[in-house]
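Undergrad: Quick one, what's the 3D model for this:
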Amino acid sequence: MNEPDRWRHMATAPRDGSRILVTVRSSEQGPAEVDVAYWSNGDRFGAEGWRASDSAPGCIVEYAEPELKCWMPMPSANLNRASAPSPWEGDDDRQLDGSGI
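TA: Below is the predicted model of the structure:
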């Protein structure tokens, strides 16, 4: 992945269990936010789908497809970077990844 700090469409997100950053859409529960998620093939804890467990220790959060707006790979350790990326705030999902072509 040549451009790790770029938001991409969820349709291109890896479904191999690797952890990625996702933008969780804003809702009546709050504004958009970034979370760490991974694809689960389903197990005794729940059905197949996107899950997050890093942001709430001891709690597995399941996300429905429409809740997640976009993704990017986990950043590499960079001591010059002080914070996580901001959530995608674009008006149109087609703006992501040059997909308007």
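Undergrad: How are the strands of the protein distributed by residue range?
TA: In the chain, the strands defined using DSSP state E lie at 8-9, 20-24, 33-40, 49-52, 61-63, 68-73.
Undergrad: buried stuff in the one helix or strand in the chain whose mean pLDDT sits lowest?
TA: Here the helix or strand of the chain ranked lowest by mean pLDDT, DSSP states H and E is strand 61-63, holding a mean of 91. Neighbour-count burial for strand 61-63 flags residue 63 (criterion: 16 or more other CB atoms under 10 Å). C-betas here are computed from N, CA, C, even on glycine.
Undergrad: now what about that strand, what contacts it?
TA: 22, 24, 35, 37, 46, 47, 49, 50, 51, 52, 53, 55 (CB atoms under 8 Å, 6 or more residues apart in numbering).
Undergrad: Just send the strands of the chain back as CSV, with distance to residue 90 too.
TA: Shown next, in CSV, are the strands of the chain (distance: least, CB to CB, whole Å):
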stretch, distance to residue 90
strand 8-9, 12
strand 20-24, 10
strand 33-40, 14
strand 49-52, 20
strand 61-63, 19
strand 68-73, 9
